[in-house]
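A.B. asks: Coordinates for the following, if possible.
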Amino acid sequence: GVPMATGTITNLLSTSLPKDNLLGTPYNWIGRSCYAENGDLYLRKTLVYDFRLYRKALSAEEIMTTDLNVGNTISLLDAAYIANHTSAVNQVKASQYQVIASVGSIEITGLVGGEKVSVFDVTGRQFQVTNPSEITVTPGMYIVKVNGFVTKVVVK
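C.D. replies: Numbers count the residues shown, from 1 in each chain. Prediction:
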């Protein structure tokens, strides 16, 4: 969301790949390092929040407020981090609860009643939970908190 450099692109796709009769780039991965996986810590245990391609370079205004709305997204991510940050996170797998991703929903088993269940999307937006044993959501990645236990779940 912050411009890191400006200038003319000199590394063109037509000349990037040093092989006869081939065009393209040698590293076309998202969320994975281009280096050998042995010992490379870059991008380890990361999640890709968003990926977009545009036919033009976006202006600072388009990046911060209109097309990408980076200012608002960063604020939501900061709020989610502050709301969920603890020095020691208790994983759901260490509890009697089981969080299961189904098509269009999150199911939680092991509830006895009275648990505090919270669901957040990756932007930090909290969802209203009316039936904690089956929570209807759209496809995506979510953080589920049951009392003091936390887990991530991907819903298709």
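A.B. asks: Quick check: I63 is in a strand.
C.D. replies: No - applying DSSP: H, G, I helix; E, B strand; the rest coil, one finds I63 to be helix, outside a strand.
A.B. asks: Which residues are in contact with the residue lying closest to Y97 once chain neighbours are set aside?
C.D. replies: Among residues not flanking Y97 along the chain, G110 sits closest, at 4.3 Å (CB to CB, 6 or more residues apart in numbering). From N, CA and C alone the C-beta is placed, and that goes for glycine too. Taking CB atoms under 8 Å, 6 or more residues apart in numbering, we find G110 in contact with S95, Q96, Y97, Q98.
A.B. asks: out of these, which is most surrounded?
C.D. replies: The residue in the contacts of G110 with the most neighbours, by other CB atoms under 10 Å, is Y97 (19 neighbours).
A.B. asks: quick one: pLDDT of that residue?
C.D. replies: Here, the pLDDT recorded for Y97 equals 90.
A.B. asks: got it, and the one 10 residues further on?
C.D. replies: What the model reports as pLDDT for E107 is 93.
A.B. asks: is it true that it lies in a helix?
C.D. replies: No - E107 is assigned strand when assessed by three-state DSSP, not a helix.
A.B. asks: Distance check, the nearest residue to it once chain neighbours are set aside against N69.
C.D. replies: Nearest residue to E107, sequence neighbours excluded (CB to CB, 6+ apart): I100, at 4.5 Å. As judged by CB to CB, to the nearest Å, I100 and N69 stand 32 Å apart.
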